[in-house]
Structure formats: C-alpha cells, structure tokens
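Q: Any chance you can model this:
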Amino acid sequence: MSRGFASNYRISLLASLILLAFGGLGVRLVWLHVLDRKELLGHIQQVRHEVIDEPAVRGNIVDLHDNILATSRSMIVLGADPSALRPADEGKWPQLAALAGIPLPTLASLLTTKFRAPAGPTPAPGARASLVFSLPAAPNATPGAAAPAAAAADAALAAADADDDTVLADPDATGRRPIKWVKLSDEITESTYQKITQLGIAGIYGTRTYRRAYPHHELAAHVVGYVNQQQEPVCGIESYVNFYLRGENGWVESEKDGHRQELAQFRTREVPQADGYNVKLSIDAAVQTMVESELDAIAKKYQPLKATIIVSDPRTGFILALGNYPTFDLTAYNKLTKEQQSWMRNVAVDSQYEPGSVFKIVAASAALDLGLVNVDTRFDCTLEKIEYKGKIRNLPKEDISDHFVHPLTVAEIIAHSSNKGAAQLAMLVGDERFYDYARNFGFGQRTGFPVGSEIAGTLVPLAKWDGLTITRLPMGQGAVSATAIQMQQAMGVIASGGLLLRPQLITQISDREGRVVYAYGPAVVRRVISEQTARTMSTLLEGVASVNGGAPQAEIPGYDVAGKTGTANKVMPKTLPSGKVIGAYSQQHHVTSFVGFFPAHARANERQVEIAVVVDDPDAHAARGTVYGAWVAAPSFKNLALKLIPYLDIRPGSAVVASPSLALEGGRR
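A: Reported below is the predicted structural model:
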C-alpha cells in the first residue's frame with residue numbers, strides 16, 4: 001500500500017535544494033550588503049546620484065525709461081547619450097538635424113561616436129584613433145559621396161575632442177571610456193525643443209539655461225558691454241556691476257533613473273536660485289539713437305579715424321547718451337575680424353588727444369576766479385614776445401584768419417579763441433596756481449567713469465615744465481592731453497555753477513520684484529570755481545556760439561548757447577633727412593571738437609543739456625582739406641540740440657545780456 005505522493009528521499013532532496021537556494025541567496029546578500037557594499041554603493045552613487053543646477057536668471061539692464069538694453073532669454077542646451085540611442089530612431093535623425101540646425105553628417109558622427117579611446121601617444125594629424133564610431137551608410141551612396149561625410153566626421157570629432165561638456169563614463173575592460181553625453185547645440189529655443197521632444201528619439205536630452213540677448217544690437221554698445229559664449233561678462237556695465245547682475249545659481253541633489261530622468265522622490269537637498277538684480281542706467285535710448293545717427297552722418301561725411309559724442313545733464317553728472325564711431329553689434333561681437341576688434345574700444349574714455357582751445361576755459365576761469373581780471377580787462381594780442389619771470393617768452397601764433405588790430409578784452413579772447421590772450425591770462429595767474437586749477441578741473445586724473453578702461457590723460461607736472469609750457473598749455477597743447485569724458489566733465493564745471501561732478505551711468509539697482517536696492521545721486525568731487533565765476537564764464541562762452549563769435553554754427557535762435565571749439569594739431573611721425581623718425585605737429589591732421597551746453601542760464605527747475613562732439617582726423621574729406629572745430633563739430637552739436645529741444649522739452653533760459661565787447665568779428669578756431 002502506498003505511503004503518499006512522494007517518498008522520504010524526494011522530500012529530503014527538495015528540502016535540501018530549497019535550503020541550498022536560500023543559503024546561496026543569503027551568501028549573495030551578505031556579499032552584496034557586507035563584503036562588497038562600499039564598492040557597489042560607490043558605483044550606484046555614481047550612476048544614480050545627480051546634482052542638478054538651477055541657473056539664476058541674469059538681471060536686466062534698462063535705460064532711463066525702462067527700455068531693455070540687455071536681458072536673458074531661456075534657451076535649451078541640447079545633448080545626447082549615444083549609448084541610449086535606438087536603431088529604430090535613425091529615420092528621425094534628418095528631422096532632428098533640421099530642427100537643431102546641424103548638418104546631418106555632423107549629427108550622425110556625434111550620435112554614433114560611443115567611445116573615447118584610452119589616453120596614449122598623440123595621433124598623427126588627420127588620424128581618428130581617439131574615437132570609435134561608425135557612420136550609417138546613406139541610401140544609394142556613391143563612392144564620391146564619402147569624402148564630404150568623412151570631412152564632416154573629422155569636424156565633429158574635433159569638436160567633440162575640444163568640448164569640455166562631454167560626459168565620459170569609467171573605462172571599460174579595453175580602456176575605452178563610454179561617452180554618456182555629448183552636446184549637440186546650446187542655442188535651442190523652447191519652442192524648437194518642444195518639437196524635438198515630440199520626435200520621441202531616445203537618448204536626446206535638453207537642459208534649460210539662459211543666454212544674454214541685446215534687442216537693440218549696436219545701441220550704446222560701449223556702455224552696455226556684453227557677455228561672451230562662456231557666460232562671462234567682458235566689458236561695459238555687464239562687467240562693472242556683474243556682482244549684482246549675475247545672481248546666485250541654485251542646485252538640487254537627487255537621483256536619476258536609467259533614462260536620465262530625475263526621481264524627485266529621492267531629492268535630499270534643494271537650494272533655490274537667487275536671480276540677479278536689474279540695473280537702470282541714466283542712458284535714454286531715444287537720445288542715444290539720436291547720437292548714433294549723428295555719428296553715422298559724421299562718418300559718412302568725413303570718414304574720420306574715430307569720433308565721440310556725449311550728452312549729459314551737467315547739473316547732476318548723469319550721462320544721457322554716449323556713442324563712439326566705429327561701433328559694433330553686441331549680438332555679433334565674435335564675428336569681428338582681428339582688425340575690427342578695435343571697434344570695441346570705448347574711445348570716449350580710453351583715447352586721449354590734445355584738447356586744443358577748449359582748454360582755454362581753464363586760464364579764463366582761473367584769472368576771473370582769483371579776481372585778477374574782469375570781462376573787460378584788455379590784453380595786447382599782437383605781441384610776438386613777452387617777459388615772464390625775468391625771461392623773454394615767445395607767444396604762440398594766432399590762427400591765420402585772425403588779425404587782431406587792437407587789444408582784446410577777456411570776453412573777446414574767449415569769443416575768438418586768441419592763443420596769445422590765453423597765454424597772457426595764464427601768466428597772470430602764474431605757473432603753480434594755473435597748474436592747480438587745471439588739476440581741479442579734472443585734467444591728468446581719471447573721472448571715475450565706470451566702464452571702458454578709462455585712462456587718466458596727461459597733465460605734465462610743474463617740475464617738468466620748460467620755458468614754453470606756460471605759453472602753450474593754456475591753448476591746450478604740449479603739456480596736456482585729455483579724453484572726451486574729461487572734456488565733458490571740465491565744461492560741466494561751468495554749467496553746474498562751479499562744481500566738478502563725477503560722470504555717472506547707473507541711477508538705481510532693483511530686485512526682480514522692482515524693489516530699489518540702491519539708488520545713485522549726483523556725486524560732487526569738489527568745488528573748482530565760485531558760482532559767480534561760473535555764471536560769468538557761461539556768459540563769455542555764449543559769445544563763442546554767436547553770429548560774431550568763433551562758432552556761429554552752434555547758435556540756436558531763441559536759446560543762449562555756451563560752448564567752446566577746439567582744433568588741435570596731431571603729433572605725427574616725421575622722418576628727418578638723417579633718417580631719424582620724430583614726432584611733429586602736423587598741419588594736415590587734426591582733432592576737432594566742440595563742447596557746450598544750453599540754455600546757458602537755465603533756472604534751477606529748467607532742463608539743461610551738455611553735449612561734447614570730438615572728431616579725430618576728418619581732414620582728408622573736409623572742404624579745402626582744412627578743418628576747425630567750428631566747421632566739423634559745432635554743426636553736429638546744433639543738429640543734436642535741435643532734436644533734443646522738443647524731445648526733452650527744453651525751454652529757453654533766463655538769458656543774461658552779454659558784454660558789448662563780444663561784438664567783434666573774428667576767427668573760426
């Protein structure tokens with residue numbers, strides 16, 4: 001009779017097998033969780049652990065009326081994991097290439113390059129031993145078609161080798177390192193990325209980032225500056241206030257699955273990003289557009305080496321516009337040739353020139369401020385020589401068109417830009433005091449302008465003056481050179497009532513919600529001349545921009561315009577008969593300028609504007625080959641002023657009656 005379904009032997013065997021299986025499982029668990037735990041956890045950590053950057057949004061740069069000059073746009077960095085690609089998706093590669101803007105052969109080489117070979121000797125030029133890949137054969141390919149594909153592959157491989165963003169896994173048994181992620185493009189828009197994801201290609205991923213955009217391209221390029229492709233600020237406001245603009249990136253510590261998707265439930269730490277602050281400038285985009293339009297007109301007419309126009313509020317020091325010629329497109333800075341890269345220089349602050357007759361405001365202001373003269377004090381401007389400190393000094397020549405047949409008043413010296421008169425005013429002041437006034441006007445020192453690698457210009461120290469310095473320096477030649485921003489600041493002393501103000505660009509810094517973090521106001525450096533002297537000088541400078549003055553081209557009917565022309569001979573290389581090359585003043589190369597403001601006698605609650613126009617070497621294309629500040633720069637001053645009057649609602653000031661001595665006809669210096 002049977003004892004049951006199974007014999008004792010079978011039961012024992014089955015039980016032994018079960019126990020053995022559980023024993024093996026237990027041993028394996030001990031091996032995994034105890035003996036090999038550290039190594040395996042490290043591998044899992046490497047594969048699954050992920051730190052996800054949460055990039056901060058860089059702050060906006062806006063103009064005085066909140067028009068955006070620089071902003072950040074959301075972009076997608078598109079990449080691929082070659083090991084995760086599926087053969088079934090190869091038919092979609094042409095669509096992917098078209099959407100990503102990548103040639104299909106280049107895309108194919110990037111997607112099929114799965115390994116990077118172990119480090120070894122440097123391969124010979126043209127060798128492709130560093131990467132292992134295979135290109136899919138094109139349908140109906142001809143033998144000659146292989147050459148372009150090979151060339152594209154070479155280019156793609158070179159790009160992959162140079163791409164620091166490529167992610168490599170640990171070497172395999174052969175020493176090759178699997179490529180886990182390679183960048184395809186870093187400028188994919190959100191809408192394009194949506195179309196790419198709809199293709200459903202496995203192994204194609206996108207990471208959100210932000211790229212800088214400059215919607216106005218060239219507008220205020222030298223002021224705004226730019227951020228390069230590595231997202232590093234290079235120049236301008238972008239660099240100067242980078243600390244406020246950049247913000248702080250956040251990050252998330254989490255885990256990812258086999259498809260590189262985050263497993264949000266395993267997040268262990270999360271630090272939110274802090275977006276950058278917005279920076280508001282004193283630049284007015286409309287005024288800046290007017291300035292750059294006028295620079296274009298100057299460039300077409302005279303083809304100068306360079307030119308600068310600055311517009312400011314002289315009573316606050318805030319800059320409304322600053323433009324240079326040549327300029328460049330902020331969105332295409334990397335397309336400039338080596339020769340064109342000099343266009344990125346902010347020549348308003350990093351290029352110096354001898355200011356010429358504009359500098360005469362220093363001698364006249366000093367003599368008036370010290371009470372040594374009044375507007376009707378006369379000087380003999382027909383003299384060739386004069387005694388000073390026990391020595392006979394040669395006075396500078398006047399312009400060839402100037403023939404002064406009687407002594408000139410101080411008012412006439414300024415109105416007609418007499419070189420001899422300016423020299424005598426400086427001699428009356430004396431070396432030490434004249435030098436001190438020049439320093440107080442800001443010459444030979446930086447203004448503190450925030451962008452453009454500002455230089456200090458030149459003001460030769462007293463210890464290095466020679467016997468001619470006191471006669472040549474007052475006319476703005478020899479011992480002095482200045483930048484356009486320094487000339488703007490110096491003329492601003494007279495417009496502001498005697499105060500030297502620091503030129504400024506930033507009005508406020510605010511957070512993303514619009515709350516003001518910091519606001520900037522006028523920055524007074526020092527008092528240079530008395531308020532009364534400044535008013536007197538304003539009246540004298542009106543004589544320049546008048547029918548009988550040196551620059552009638554700057555006159556605006558109904559408005560009291562104060563300003564000064566400048567025409568400085570450039571120092572050019574000259575070869576002597578001996579073959580030696582020296583620097584000598586040229587009669588064919590000049591820097592012309594006009595710096596002025598209006599209304600000259602604006603009330604405290606009325607708008608006042610200062611404009612500086614500086615044009616370097618317009619001679620070759622000037623009428624008759626000769627240039628003066630009155631002919632080249634003053635007309636641009638007036639053109640801008642006429643546009644600014646209706647835009648800024650500038651009203652005529654409370655004009656002061658000029659001295660009768662201003663009625664003498666004279667030159668055009």
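Q: mind giving me the domain split of the chain?
A: Domain ranges of the chain: 45-76+212-279, 82-117+147-202, 285-663, per automatic domain parsing.
Q: a markdown table for these, including mean pLDDT and distance to Asn8?
A: For every residue, glycine as well, the C-beta is placed using N, CA and C. Formatted as a markdown table, the entries for the domains of the chain read as follows, by pLDDT from 0 to 100; distance: least, CB to CB, whole Å:
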| stretch | mean pLDDT | distance to Asn8 |
| --- | --- | --- |
| domain 45-76+212-279 | 85 | 48 |
| domain 82-117+147-202 | 75 | 50 |
| domain 285-663 | 92 | 81 |
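Q: Give me whichever of those is most buried.
A: Per residue and on average, the most neighbours among those fall to domain 285-663, with a mean of 20 (mean count of other CB atoms under 10 Å).
Q: closest to Leu29 out of the domains of the chain?
A: domain 45-76+212-279 (19.8 Å; CB to CB).
Q: how much distance is there from the closest one to the middle of the chain?
A: Chain-centre distance of domain 45-76+212-279: 19 Å, with CA atoms, centre = their mean, to the nearest Å.
Q: Mind putting the domains of the chain into JSON lines with distance to Leu17?
A: As requested, the domains of the chain are exported to JSON lines (distance: least, CB to CB, whole Å):
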{"stretch": "domain 45-76+212-279", "distance to Leu17": "34"}
{"stretch": "domain 82-117+147-202", "distance to Leu17": "35"}
{"stretch": "domain 285-663", "distance to Leu17": "68"}
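Q: Let me see the mean pLDDT of the helix or strand containing Val30.
A: When elements are assigned from DSSP states H and E, Val30 belongs to helix 8-30. With pLDDT averaged residue by residue, helix 8-30 scores 84.
Q: Next up, the contacts around Asp275.
A: Taking CB atoms under 8 Å, 6 or more residues apart in numbering as the criterion, Asp275 is in contact with Ala56, Val57, Arg58, Gly59, Gly247, Arg512.
Q: Quick one: distance of the helix holding Val30 to the chain centre.
A: For helix 8-30 - counting by CA atoms, centre = their mean - the centre lies 77 Å from the chain centre.
Q: got it, and stretch 577-592?
A: Per CA atoms, centre = their mean, the centroid offset for stretch 577-592 relative to its chain is 33 Å.
Q: contacting residues around the helix or strand hosting Leu322?
A: Mapping Leu322 onto the secondary structure by DSSP H and E places it in strand 319-325. Strand 319-325 is contacted by residues 64, 220, 222-223, 282-284, 287-288, 290-292, 295-296, 298-299, 304, 306-313, 345-348, 485, 503-505, 609 when judged by CB under 8 Å, 6+ apart.
Q: That one pairs with which strands, and in what direction?
A: Using DSSP bridges, the strands paired with strand 319-325 are strand 306-312 (antiparallel).
Q: Let me see the residues that make contact with the strand it pairs with.
A: Applying CB under 8 Å, 6+ apart, the external contacts of strand 306-312 come out as 287, 291, 294-295, 298-299, 318-326, 347-348, 351, 484-485, 488, 492, 503, 609-616, 636, 640, 644.
Q: These in helices, which ones?
A: Applying DSSP state H to the contacts of strand 306-312, the entries found in helices are 287, 291, 294-295, 298-299, 347-348, 484-485, 488, 492, 636, 640, 644.
Q: Now flag whichever of the residues you listed is closest to Val410.
A: Within these, distances to Val410 taken as CB to CB reach their minimum at Gly492, with 21.5 Å.
Q: Run a quick check on the closest one versus Pro314, I expect a contact.
A: Yes. The pair formed by Gly492 and Pro314 meets the contact definition of CB atoms under 8 Å, at 4.2 Å.
Q: which neighbours do those two share?
A: Leu501, Phe597, Glu610.
Q: so what's the last one bridging to?
A: Read that as Glu610. Beta-bridge partners recorded for Glu610 (DSSP bridges): Ser312, Phe597.
Q: same check, this time on the first one
A: Leu501 forms beta bridges with Val524, as assigned by DSSP bridges.
Q: Not counting the helix or strand hosting Ala98 itself, show me its contacts.
A: Assessed by DSSP H and E, Ala98 sits inside helix 93-100. Identification of contacts with helix 93-100 by CB under 8 Å, 6+ apart yields 78, 103-104, 106-108, 111, 184-185, 188, 192, 195-196, 199, 201, 204.
Q: switch to 6 Å and redo it
A: With contact meaning CB atoms under 6 Å, 6 or more residues apart in numbering, helix 93-100 is reached by Leu78, Leu104, Leu107, Leu184, Ser185, Thr192, Lys195, Ile196, Leu199.
Q: which one of the ones in helices among the contacts of strand 306-312 is nearest Asn419?
A: Ala484 (22.3 Å).
Q: Pretty sure that closest one sits against Val613.
A: No. Counting by CB atoms under 6 Å, Ala484 stays clear of Val613, with 8.9 Å between them.
Q: which residue packs closest to the most centrally placed residue in the chain, ignoring adjacent ones?
A: Ranked by distance to the mean C-alpha position of the chain (CA atoms, centre = their mean), the top residue is Gly225 at 2.4 Å. Closest residue to Gly225 apart from its sequence neighbours, by CB to CB, 6 or more residues apart in numbering: Gly236 at 1.8 Å.
Q: show me the contacts for the one you found.
A: Contact analysis of Gly236 by CB under 6 Å, 6+ apart lists Val223, Val224, Gly225, Val451.
Q: The first one belongs to a helix?
A: Read it as Val223. Yes. According to DSSP: H, G, I helix; E, B strand; the rest coil, Val223 belongs to a helix.
Q: With Thr575 as the reference, measure out to it.
A: To Thr575, Val223 is 40 Å away according to CB to CB, to the nearest Å.
Q: Could you report the separation of the residue nearest to the centre of the chain from Ala490?
A: 26 Å.
Q: cool, Thr575 as well?
A: From Thr575 over to Ala490 (counting by CB to CB), the distance is 36 Å.
Q: show me where the stretch 51-200 of the chain has helices.
A: 93-100, 104-112, 146-162, 190-198 (DSSP state H, counting those that start in this stretch).
Q: what's the answer for the stretch 551-669 of the chain, then?
A: Read by DSSP H, counting those that start in this stretch, the stretch 551-669 of the chain holds these helices, from start to end of the chain: 629-648.
Q: show me where it has strands.
A: Secondary structure of the stretch 551-669 of the chain, counting by DSSP state E, counting those that start in this stretch: strands at 562-575, 581-598, 609-616.
Q: Give me the distance between the two termini of stretch 60-76.
A: One end of stretch 60-76 to the other measures 20 Å (CA to CA, to the nearest Å).
Q: Need the residues that contact it.
A: Contacts to stretch 60-76, defined as CB under 6 Å, 6+ apart, come from residues 57-58, 187-188, 190, 193, 206, 209-211, 213-215, 224, 237, 278-285.
Q: and with 8 Å instead?
A: Stretch 60-76 has contacts (CB under 8 Å, 6+ apart) with 57-59, 186-190, 192-193, 206-216, 219-220, 224, 237-238, 245, 278-285, 288, 320, 330, 507.
Q: same deal with stretch 531-543?
A: Contacts of stretch 531-543 (CB under 8 Å, 6+ apart): 361, 364-365, 368-369, 375, 410-412, 414-415, 493-498, 529, 549, 560-564, 596, 600-601, 656, 658-659, 662.
Q: Tabulate the CA atom coordinates of it in CSV.
A: Coordinates of the C-alpha atoms in stretch 531-543 are reproduced here as CSV (Å, rounded to 0.1, in the frame of the first residue of the first chain):
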residue,chain,number,x,y,z
GLU,A,531,29.3,130.2,-8.6
GLN,A,532,29.7,133.8,-9.7
THR,A,533,32.8,133.0,-11.8
ALA,A,534,30.8,130.1,-13.4
ARG,A,535,28.0,132.5,-14.4
THR,A,536,30.4,134.9,-15.9
MET,A,537,32.2,132.2,-17.8
SER,A,538,28.8,131.0,-19.1
THR,A,539,28.2,134.5,-20.5
LEU,A,540,31.6,134.6,-22.1
LEU,A,541,31.1,131.2,-23.7
GLU,A,542,27.8,132.5,-25.2
GLY,A,543,30.0,134.8,-27.3
